[in-house]
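Participant: Please find the sequence and the predicted model below.
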There are 2 protein chains.
Amino acid sequence: MHKDSNQTKYSMLISYLKEEILLGRIKPGEQIPSENTLAKKLSLSRHTVRKAISMLANEGYVYTEHGRGTYCADRNKTRVETKNIGVITTYISEYIFPRVVQGIDRVLSENGYSIILKNTGNNTEKESAYLEEMLEKNIDGLIIEPTKSAMYTNNLKYYEALENHGIPYVFIHGYYQKMEDKPQVILDDEAGMYSVASYLTELGHREIIGIFKADDIQGINRHKGYARALARIGIPYNPDNVIWFYTEDRAVKPAATIRTMLENKHGIDAVACYNDEIAFKVYETLRDFGVRVPEDVSVTGYDDSYFSSNCPVKLTTVNHPKDMLGEAAARLLLEMMKNPAMGREQTRKVIVPELVVKDSCAKK
Amino acid sequence: MHKDSNQTKYSMLISYLKEEILLGRIKPGEQIPSENTLAKKLSLSRHTVRKAISMLANEGYVYTEHGRGTYCADRNKTRVETKNIGVITTYISEYIFPRVVQGIDRVLSENGYSIILKNTGNNTEKESAYLEEMLEKNIDGLIIEPTKSAMYTNNLKYYEALENHGIPYVFIHGYYQKMEDKPQVILDDEAGMYSVASYLTELGHREIIGIFKADDIQGINRHKGYARALARIGIPYNPDNVIWFYTEDRAVKPAATIRTMLENKHGIDAVACYNDEIAFKVYETLRDFGVRVPEDVSVTGYDDSYFSSNCPVKLTTVNHPKDMLGEAAARLLLEMMKNPAMGREQTRKVIVPELVVKDSCAKK
DNA sequence: CCGTATTTGTTCGTATGTATT
DNA sequence: CAATACATACGAACAAATACG
């Protein structure tokens, strides 16, 4: 049950049964435990169980037969095209999201589809709720940016359900670790950060601080690229030079840690940041401390956003082909809807981003 | 009651009430006796009455409101709820749109609705196509930012159709000129620009250039505020000091015109811009020409976006309560869906923005 | 075919919670 | 604040349909 605990008892039972049905754990025609069994098992009165079942029957999830029992209804016989595609994003980042959605929308609108938009605010429970909503709404396909993709997720069941119902889906930006082979359009984050870190080492920097996001796969992969670039030229990996942050502390942790490092006279040649927003904050922290960029310390961002171009010292960064990412995901989804039996090679698109050199790095 | 006596008590009550409604003895909107009243009058238990009423509600004959009563429904207007709300924006401006949509999404998601997103790219034909699509999709409501709101539109028929189908809609940001009294959530653009221009006159400026967008109602209203502020202190209106631009030439016209003015030694004390993006371009143009901001010329923006805060000289601007705008629109729509007969006073929300003084203006 | 257990359907009573006026 | 109206939840009894030995 484990659901919205502030809800009513009957609605908890409804969402429990609904989930079982939507996820295919109770199959059409299958009998549901009797009212008395459910009441006893869940410590509810029979009246409450009846209320839940009567509502489910009304919504067409189950049907009851007098004297026989209650059965799961077959709702899929009437699966019509809705021409709606679900799009679930993590949090509406001001500088990435709109362009990606625009790319998706352009391709899908051209093909007569509309997008149903949801954003999870990087909250896993909301992701559950919205996936369930999408299943109920009978969408024709789904494009989803996974929430906290580096963390354990118990939402895998929804993806299985999508597959059971024959609804294609495409991951963008990231993917869950057990689902590397599922359809996806991603950026090669490791390669991107590898090119940043290599660029910094070529400028002669050795004490390179890396700042990474710990709860999404992008952060993990960018960290890999950072470590690989340093290893290539024989710099031993130094955990003290790596700062990890989470969605929840992104506004304070990176800048605060850099400040502490400066106060403790931790040697810093360069700072390679998870994205432009962090880089901009790092730039401000350094400036406030009287450290010049790039003369004293080099700083790099990631995403080539307005944070990079509007920073007093334009930030060297990695481009983010936002529109292209959205368009590619939409096109892949359309192909999959046309031809459901696509091979793995065709359902994985990796876009390699490029280093964009601006003014925030100098030779040591 | 006089009906099939072999039936159940609750079904007798159902057919009694159904008949009253179908024969028009109980009219749509009219209140039905309370559960307790019916129970007492008909010598039934309240539970039995509730059973009958809940089935009638399910069939769409009546609807209940917690704490108020049970009412006769208008069966001609009961469409099937899709729990989808259409949202049509003009063009996905990077710095306004995501927050507005986020505000809309937050309120609607909380209430179990999803948004179907479309953007017109400020193209009137696309607006037609998308309005038609929304009508086909059977949405429960619509939030729309009108495309080229200051121009003639021949999409009025779609709004009429929405009304005929009983689908409520809310304008945001702007409205068409023949539809001033339709439900809307807008910013008081005239007041916003009035406060900007008044601020500039109070600093002693007289030759104040105004740059406005000609094809949306926001531009028209901001121009009104500008003209009113100048008129207030007796500055005669000078058309040579006003630059009009359109969606299509927004990237070049404003900056190019300022450059021409500078070359022609047109006197400029200050430039009041349509938005921060234009103001940033004007700032760059002035700087490239060797004109200092704010020492030589004052510049103002509008929207309080990152263009304002990331400009080397932070731009004095007008705030844009993006989230609040979206939330207010969503809440208004929800109210209208609940209570279709809302008066005009309640369906028009005007948010008055505030001047945000930063560093780009100085005394003459 | 009968009897019994099971399952859903109808109806009552009672108590408490919550929204509206 | 009190009264009113709907909402949730428990308990109990009996009826009607079905399944099965």
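Facilitator: Perfect, I can see it now. The structure presented is a predicted model; accordingly, all values stated were derived computationally and were not measured. Numbers count the residues shown, from 1 in each chain, chains lettered A, B, ... in the order given.
Participant: Low-confidence ranges, chain A, go.
Facilitator: A:1-6, A:76-79, A:92-94 (pLDDT under 70).
Participant: Please identify the residues of it in proximity to DNA strand C?
Facilitator: Within chain A, the residues that sit near DNA strand C (Cβ under 7 Å from any atom of the strand) are A:32, A:34-37, A:47, A:50, A:54, A:64-70. C-betas here are computed from N, CA, C, even on glycine.
Participant: Quickly note the distance from the spatially most central residue of chain A to DNA strand C.
Facilitator: Nearest residue to the geometric centre of chain A (Cα atoms, centre = their mean): A:Pro146, 2.5 Å. A:Pro146 sits 34 Å away from DNA strand C, going by Cβ to the nearest atom of the strand, to the nearest Å.
Participant: tell me which residues in the one helix or strand A:Arg259 maps to are buried?
Facilitator: Secondary structure assignment for A:Arg259, by DSSP states H and E: helix A:253-263. Neighbour counts over helix A:253-263 (16 or more other Cβ atoms under 10 Å in any protein chain shown) mark A:253-255, A:257-258, A:261-262 as buried.
Participant: Which other helices and strands does that helix contact?
Facilitator: strand A:208-213, strand A:242-245, helix A:276-288 (3 or more Cβ pairs under 8 Å, 6 or more residues apart in numbering or on different chains; DSSP states H and E).
Participant: please redo it, this time with the cut-off set to 7 Å
Facilitator: Helix A:253-263 sits against strand A:242-245, helix A:276-288, with contacts defined as 3 or more Cβ pairs under 7 Å, 6 or more residues apart in numbering or on different chains; DSSP states H and E.
Participant: Can you give the strand pairings for the first one, parallel or anti for each?
Facilitator: When pairs are called by DSSP bridges, strand A:242-245 turns out to pair with strand A:208-213 (parallel).
Participant: tell me the angle the strand it pairs with makes with helix A:276-288.
Facilitator: On the basis of axes from the mean of the first three to the mean of the last three Cα atoms, to 10 degrees, strand A:208-213 is oriented at 140 degrees to helix A:276-288.
Participant: After strand A:208-213, which helix or strand is next?
Facilitator: Past strand A:208-213, the next helix or strand by DSSP H and E is helix A:217-232.
Participant: Please tell me how far that next one is from the chain's geometric centre.
Facilitator: Distance, stretch centre to chain centre, for helix A:217-232: 19 Å (Cα atoms, centre = their mean, to the nearest Å).
Participant: about what we covered before: ok, for the residue nearest to the centre of chain A, nearest residue in space, not its chain neighbours?
Facilitator: Leaving aside its sequence neighbours, A:Pro146 sits nearest to A:Gly174 (Cβ to Cβ, 6 or more residues apart in numbering or on different chains; 5.1 Å).
Participant: can you pull the contacts of that neighbour?
Facilitator: If a contact means Cβ atoms under 7 Å, 6 or more residues apart in numbering or on different chains, then A:Gly174 has A:145-146, A:149, A:186, A:216-218 as its contacts.
Participant: Kindly recompute the last result at 10 Å.
Facilitator: Listed by Cβ atoms under 10 Å, 6 or more residues apart in numbering or on different chains, the contact partners of A:Gly174 are A:90, A:144-150, A:184, A:186-187, A:189, A:216-221.
Participant: any idea how far B:His173 is from it?
Facilitator: 33 Å (Cβ to Cβ, to the nearest Å).
Participant: do the same with A:Gln218
Facilitator: Taking Cβ to Cβ, one finds A:Gln218 at 33 Å from B:His173.
Participant: Partner strands of the helix or strand containing A:Phe171 and their direction?
Facilitator: Using DSSP H and E, A:Phe171 falls within strand A:169-172. Sheet pairing of strand A:169-172 (DSSP bridges) gives strand A:141-144 (parallel), strand A:184-187 (parallel).
Participant: Tell me what angle the helix holding A:Arg259 forms with helix A:276-288.
Facilitator: 30 degrees.
Participant: close enough to count as contact, A:Tyr283 and A:Gly301?
Facilitator: Yes - if you go by Cβ atoms under 10 Å, A:Tyr283 and A:Gly301 touch, sitting 8.8 Å apart.
Participant: higher neighbour count, these two?
Facilitator: Neighbours per residue, other Cβ atoms under 10 Å in any protein chain shown: of A:Tyr283 and A:Gly301, the larger number sits with A:Gly301, 30 against 25.
Participant: was I right about the more buried one contacting A:Cys273?
Facilitator: Yes - with contact defined as Cβ under 10 Å, A:Gly301 counts as touching A:Cys273 (5.6 Å).
Participant: Common neighbours of the two, please.
Facilitator: With contacts taken as Cβ under 10 Å, 6+ apart, A:Gly301 and A:Cys273 have A:196, A:279-280, A:282-283, A:315, A:317 as neighbours in common.
Participant: residues touching the nearest residue to A:Pro183 once chain neighbours are set aside, list them.
Facilitator: In this structure, A:Pro183 finds its nearest non-sequential neighbour in A:Thr347, 3.8 Å apart by Cβ to Cβ, 6+ apart. By Cβ under 10 Å, 6+ apart, the contact list for A:Thr347 reads A:168, A:170-171, A:181-185, A:332-333, A:335-336.
Participant: Swap in 7 Å and give it another go.
Facilitator: A:183, A:332, A:336.
Participant: now the residues you listed in JSON lines, with neighbour count?
Facilitator: Converted to JSON lines, the contacts of A:Thr347 look like this (neighbours: other Cβ atoms under 10 Å in any protein chain shown):
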{"residue": "A:Pro183", "neighbour count": "22"}
{"residue": "A:Leu332", "neighbour count": "24"}
{"residue": "A:Met336", "neighbour count": "19"}
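Participant: So what's the residue count around the closest residue to DNA strand D within the stretch 1-150 of chain A?
Facilitator: Among the residues of the stretch 1-150 of chain A, A:Gly67 lies nearest to DNA strand D; the distance is 2.5 Å by Cβ to the nearest atom of the strand. A:Gly67 has 5 neighbours, counted by other Cβ under 10 Å.
Participant: Done for today, thanks.
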